[in-house]
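[1] Output the structure for:
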Amino acid sequence: MIPSAEGLVASINATKTRGLPPVHLWNPPFCGDLDMRIARDGTWFYEGTPIGRPALVKMFSSILKRENGKYFLVTPVEKVGIIVDDAPFVALDFDPVGQGLDQDLTFTTHVDDAVVAGVNHPIRVERDIETGEPSPYILIRADLEALIDRKSFYRLVDLGVHHEGWFGVWSGGAFFGIIPSGELE
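    Predicted coordinates for the structure are as follows:
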């Protein structure tokens with residue numbers, strides 16, 4: 001059977017539960033690759049065309065799983081491979097509550113996931129080797145990250161402080177380094 005988006009939707013609807021499906025418990029056989037791609041800006045494409053229905057994107061995002069660096073959509077009965085250009089999610093905003101060590105930063109993604117940055121949802125920043133441009137990420141769930149959008153990253157930098165040789169932010173009782181303090185001079 002050739003995998004299809006329609007077949008996945010039918011499988012998802014048959015297993016409707018409250019909250020996110022337990023994809024970590026599902027290990028169905030691999031059924032092949034699906035012509036589906038998530039662009040760096042969070043746009044989902046099916047057969048080269050953007051998926052314009054946010055509810056459908058949200059549904060597909062709920063069955064996304066990462067194994068050995070590859071991305072799959074899984075149901076209890078099938079697993080199909082998809083392409084992810086960078087991170088599968090984009091953090092579009094965050095809400096800071098408190099200050100300093102008592103600060104909590106709650107990030108919201110383009111598919112309405114919300115997490116508080118902390119030990120279980122760390123922030124990390126990678127820098128392009130050639131340009132030095134930062135790419136900030138936050139772990140959303142089970143090895144799935146969100147790229148923090150530019151405006152939110154600038155807001156994070158505005159909240160930054162120096163701590164043990166790093167410039168970064170506090171959230172959930174943890175410090176997340178953005179850049180070594182010495183590189184800011």
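
[2] Which residue ranges of the protein form helices?
    5-14, 54-61, 150-159 (DSSP state H).

[3] For the residue nearest to Leu105 when sequence neighbours are not counted, the count of nearby residues, please.
    Residue nearest to Leu105 in three dimensions, not counting chain neighbours: Ser171, with 4.0 Å by CB to CB, 6 or more residues apart in numbering. Where C-beta positions appear, they are placed from N, C-alpha and C, glycine not excepted. Number of residues near Ser171 (other CB atoms under 10 Å) recorded here: 29.

[4] For the residue nearest to Ala146 when sequence neighbours are not counted, grab the count of nearby residues.
    Nearest non-adjacent residue to Ala146, counting by CB to CB, 6+ apart: Phe89, 3.6 Å away. Using other CB under 10 Å, Phe89 has 25 neighbouring residues.

[5] Same question for the one 10 residues further on.
    Using other CB under 10 Å as the criterion, Gln99 is surrounded by 10 other residues.

[6] now the residue nearest to Leu105: how far from Ala91?
    Counting by CB to CB, to the nearest Å, the gap from Ser171 to Ala91 is 13 Å.

[7] same deal with Asp104?
    Per CB to CB, Asp104 is found 15 Å from Ala91.

[8] okay, these two: which has more neighbours?
    In this view Asp104 and Ala91 are compared by other CB under 10 Å, and Ala91 has more residues nearby, 28 against 16.

[9] In the sheet, which residues pair with that one? Tell me.
    In this entry, Ala91 is beta-bridged to Thr109, Ile148, by DSSP bridges.

[10] residues touching Leu64, list them.
    23, 71-73, 82, 88, 144 (CB atoms under 8 Å, 6 or more residues apart in numbering).

[11] Which one (most neighbours) among these?
    Busiest of these [other CB under 10 Å] is Leu73, holding 25 neighbours.
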